[in-house]
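Chemist: just to be clear, the model below is a prediction. Sequence and coordinates:
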Amino acid sequence: MASLLDMRRRIKSVKNTQQITKAMKMVAAAKLKRAQDRVTAARPYAKKMSAVLGGLSAKVADEFSHPLLTPRGDEKYLVVLVTADKGLAGAFNANVIKATQAFLNENSTKSAEMIPVGRKGRDFFKRRNVTFRAEHVGLTALGSANYSDAARIADEIIETFTDDEAVDKVFLVFTEFKTVLSQKPVIEQLLPIPSIKPETTDEGGVEAEYIYEQPAAEIFGKLLPKQVVTQVYRAMLESVASEQGSRMTAMDSASKNAGELIDSLTLNMNRIRQAAITKEIIEVVSGAAAL
């Protein structure tokens, strides 16, 4: 049986850990508010831009061709995986890594390369001999994502995709933020930009028509690379918000578990102390009876 001193040391240790988890929860909550505001502001623009360009890609296919629109084969994949740089975020990193691993297993006959964004994804797949085209760590370590970093990653993706057709398809894997308690791993095709059903207006379901001031080739030549940057930036924002939400939930659960453990250890400590006092009383009474 543990001594009274050992129990007191354990209780003190758990209380110190509880203070850390409470502090981490408060920090994550503050970062989550900022991250949630940013992703809420960026999401409508990113989705609308994707819908417009995806709807127009089928219409302009006969007018001009662009490397980011032209369909290719289905043999060489590039996976851009967005994870966190830190742990202690519950199952956040494990879920998105598991989804990526399942995707690679389903396409095991394909040639797959990867660009990890985040230390956790990099470390996991580095031990599994996955070929990296590039790697980026430390970009979201402070709980935020920068547009300039997303633009740099997007330039690498576009360069790889257009480099002598070294890649047939590019997939973006990240965690989409739903609520503080719900985050969902998502796998989206980034390149070539997939065609979707053209948008319709509210009046009679007529397809939306767009008027070009400049030639379509010139407009799309500027918009398509910007679309890649926008989607990478959105994925980073979604991942940051999901990470902070998952960390806040995990630290709250850890704090509650620490409180329950402290109560249990305190109860055991009181029992040990009571047993020690009872033993001392018995020894005193026995000694007095012997005299």
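Modeler: On my side now, so go ahead.
Chemist: check what contacts stretch 181-190 and list those residues.
Modeler: By Cβ atoms under 8 Å, 6 or more residues apart in numbering, the residues outside stretch 181-190 that reach it are 80, 92, 95-96, 98-100, 103, 157, 169-178, 228, 231-232, 238, 242, 245-246, 249. All C-beta atoms are positioned from the backbone trio N, CA, C, and that covers glycine.
Chemist: OK, contacts around the spatially most central residue of the chain?
Modeler: Taking Cα atoms, centre = their mean, the centroid of the chain lies closest to Ser239, which sits 3.5 Å from it. Listed by Cβ under 8 Å, 6+ apart, the contact set of Ser239 reads 82-84, 96, 118, 140, 145, 174-175.
Chemist: of all pairs in those residues, which one is the farthest apart?
Modeler: Comparing all pairs in the contacts of Ser239 by Cβ to Cβ, the longest separation belongs to Val96 and Ala145, at 15.4 Å.
Chemist: re earlier: inside strands: which ones of the contacts of stretch 181-190?
Modeler: 80, 169-178 (DSSP state E).
Chemist: return the member of those residues nearest to Asp163.
Modeler: Using Cβ to Cβ, those come closest to Asp163 at Val170, 12.2 Å.
Chemist: assess the claim that that closest one and Ile157 are in contact.
Modeler: Yes - in this structure, Val170 is within contact of Ile157 by Cβ atoms under 8 Å, at 5.9 Å.
Chemist: save the contacts of Ser239 as CSV, and put in distance to Ala216 and pLDDT too.
Modeler: Converted to CSV, the contacts of Ser239 look like this (distance: Cβ to Cβ, whole Å; pLDDT from 0 to 100):
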residue, distance to Ala216, pLDDT
Val82, 32, 94
Thr83, 38, 94
Ala84, 40, 93
Val96, 37, 95
Gly118, 37, 92
Thr140, 36, 85
Ala145, 32, 86
Phe174, 30, 95
Thr175, 35, 93
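Chemist: in helices, which of those appear?
Modeler: Val96 (DSSP state H).
Chemist: and the contacts of Ser239, which is closest to Glu213?
Modeler: Ala145 (32.6 Å).
Chemist: who's in contact with the closest one?
Modeler: Neighbouring residues of Ala145 by Cβ under 8 Å, 6+ apart: 38, 139, 233, 236-237, 239-240.
Chemist: in helices, which of these fall?
Modeler: Among the contacts of Ala145, the members that lie in helices (by DSSP H) are 38, 233, 236-237, 239-240.
Chemist: which two of those residues have the greatest separation?
Modeler: It's Arg38 and Ser239 that sit farthest apart of the ones in helices among the contacts of Ala145, by Cβ to Cβ, at 11.8 Å.
Chemist: contacts only, for the closest residue to Gly73 other than its chain neighbours.
Modeler: Excluding its sequence neighbours, the residue lying closest to Gly73 (Cβ to Cβ, 6 or more residues apart in numbering) is Asp168, at 4.6 Å. Asp168 makes contacts with 72-77, as judged by Cβ under 8 Å, 6+ apart.
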